[in-house]
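S.K.: sequence first, then the predicted structure, then my questions.
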Amino acid sequence: MGFIRAYLRVSTVGQDVMRAKNEIEQFAHQHNQLIAAYYFEKFTGTSLNRPELNRMLEDAQHGDIILIESVDRISRLKNDDWLQLKHLIESKGVSVVALDLPTSHVAMKQQDSDDDFIQAVLRAVNGMLLDILAATARKDYDLRRKRTLEGINKAKEQDPSKYQGRKRNEVLWSSIKKLLQTSHSYSAIQSITGASRMTIAAVAKELKHETNLHQESR
């Protein structure tokens, strides 16, 4: 067995990556193994192009183990992307061990050559279960996303005022207007207010529209 590489992914700031790290460390300790490297990632599992995942796969060598808390930490991918990732993992001779997939735990143990047949069967079963869990993780993601969108649409129908987008900062816009009216440059306004050039341009556009309306009404 080669190195054990722990991959810990979270998709939001609120998720606790240290809890997952502690569980993975306890699991490795129970199997009398040490973790050689950690790869922490704040990225959606629906994307195949994840910086830390790619770095881990580049670092991995034949016989290494990728240790994850659950299958959905490594994949909420669409089927084609999952097959691509699985092929890359298999081509490198790397095993995936997930805490929530007991059949994968056998990879954490040193095996005798007499057990080759049993290990081959377990690898085949484990590969099939990984496929099922990866598909389930994607289905769960799609279902939750659908329900979220349905909830938003329902809320819009009940109270459209709640979903008018982010309200602008009226105090900031008023300050920018005054600075524009006193011939301050965009750079100067950025320095004074901290506003983006996009916001300043939007205020300038509105100010121009107001000026034109005022002139037309005279």
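M.R.: Cool, the structure landed. Numbering: from 1, shown residues only.
S.K.: counting by contacts, list what the lengthiest helix in the chain packs against.
M.R.: Longest helix in the chain, counting residues (DSSP state H): helix 116-158. Here helix 116-158 touches helix 71-74, helix 79-91, strand 95-98, going by 3 or more Cβ pairs under 8 Å, 6 or more residues apart in numbering; DSSP states H and E. Heads up, the C-betas are built off the backbone N, CA and C, glycines and all.
S.K.: to residue 54, which of those lies closest?
M.R.: helix 79-91 (9.6 Å; Cβ to Cβ).
S.K.: A strand includes residue 40, no?
M.R.: Yes: residue state for residue 40 (DSSP: H, G, I helix; E, B strand; the rest coil) corresponds to a strand.
S.K.: my guess is it meets residue 20, correct?
M.R.: No: judged on Cβ atoms under 8 Å, residue 40 makes no contact with residue 20 at a distance of 9.7 Å.
S.K.: the longest helix of the chain vs helix 79-91, what angle?
M.R.: 150 degrees (axes from the mean of the first three to the mean of the last three Cα atoms, to 10 degrees).
S.K.: columns distance to residue 58 on top of the helices and strands packed on helix 116-158, output as TSV?
M.R.: Formatted as TSV, the helices and strands packed on helix 116-158 follow (distance: least, Cβ to Cβ, whole Å):
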stretch	distance to residue 58
helix 71-74	15
helix 79-91	10
strand 95-98	16
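S.K.: CSV please, covering the ones you listed and showing mean pLDDT and distance to residue 46.
M.R.: Below are these laid out as CSV (pLDDT from 0 to 100; distance: least, Cβ to Cβ, whole Å):
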stretch, mean pLDDT, distance to residue 46
helix 71-74, 87, 10
helix 79-91, 90, 8
strand 95-98, 91, 18
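S.K.: and residue 35, which of those is closest to it?
M.R.: Across the helices and strands packed on helix 116-158, closest to residue 35 is strand 95-98 (Cβ to Cβ), at 11.2 Å.
S.K.: residue 126 touches residue 102, doesn't it?
M.R.: No: between residue 126 and residue 102 there is no contact under Cβ under 8 Å: 9.5 Å.
S.K.: out of the two, which sits in the busier spot?
M.R.: Between residue 126 and residue 102, counted using other Cβ atoms under 10 Å, the more crowded position is residue 126 (21 against 10).
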